[in-house]
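Trainee: Structural data only, the sequence is not supplied:
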């Protein structure tokens, strides 16, 4: 790598610095796709390397969050079978879980996190507060879990056993 990439380093020193501080791997894509991906990166003002790293980091964070939600849910289930959990899985989906049922549903891409459960209505409504990217204030929202359950063919009588909803 030319020394111009790392200010104050000769080419040899720059190569040594990179070797000691970075891992490298090859990526193969079908012929012609490299240019397509390069144009996508350029359109976002990023290098192809930056774009790939961002996408990998985002996916890694999403998987870690899903695994964390699963661990918390398993713990809550062992403690109390009458507890449901609500969590943001990623910037487009949330997860409502109870018993052996996990209901993943689409939410606003502006949703950052749920803050507090105000009220759980056993008929399938959750009143809660949440943070969204479009407001500095915490907002109130109502989630119609019954509507989602019907579309996923989850029996509404399953809600009767839920005493509490926790945010994870």
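Mentor: Structure's in. What do you need? All values derive from a computational prediction rather than experimental measurement. Numbering: from 1, shown residues only.

Trainee: any idea where the helices of this protein begin and end?
Mentor: With helices called from DSSP state H, the chain shows them at 11-21, 33-43, 48-79, 145-151.

Trainee: can you tell me which of those helices comes nearest to residue 88?
Mentor: helix 48-79 (7.9 Å; Cβ to Cβ). Yep, even glycine has a C-beta here, placed from its N, CA and C like the rest.

Trainee: what angle separates the closest one from helix 33-43?
Mentor: Angle of helix 48-79 versus helix 33-43, following axes from the mean of the first three to the mean of the last three Cα atoms, to 10 degrees, is 80 degrees.

Trainee: Helix 48-79 - what's its average pLDDT?
Mentor: The average pLDDT for helix 48-79 rounds to 79.

Trainee: Could you tell me how far it lies from the centre of the chain?
Mentor: Between the centre of helix 48-79 and the centre of its host chain there is 6 Å, according to Cα atoms, centre = their mean, to the nearest Å.

Trainee: what do you get for stretch 34-49?
Mentor: 23 Å.

Trainee: and it, which residues are buried?
Mentor: For stretch 34-49, burial by neighbour count (16 or more other Cβ atoms under 10 Å) applies to 41, 48.

Trainee: For that stretch, give me every contacting residue.
Mentor: Outside stretch 34-49, the residues within contact range by Cβ atoms under 8 Å, 6 or more residues apart in numbering are 29, 50, 51, 54.

Trainee: Buried ones among those residues?
Mentor: For those, a burial check counting by 16+ other Cβ under 10 Å picks out residue 51.
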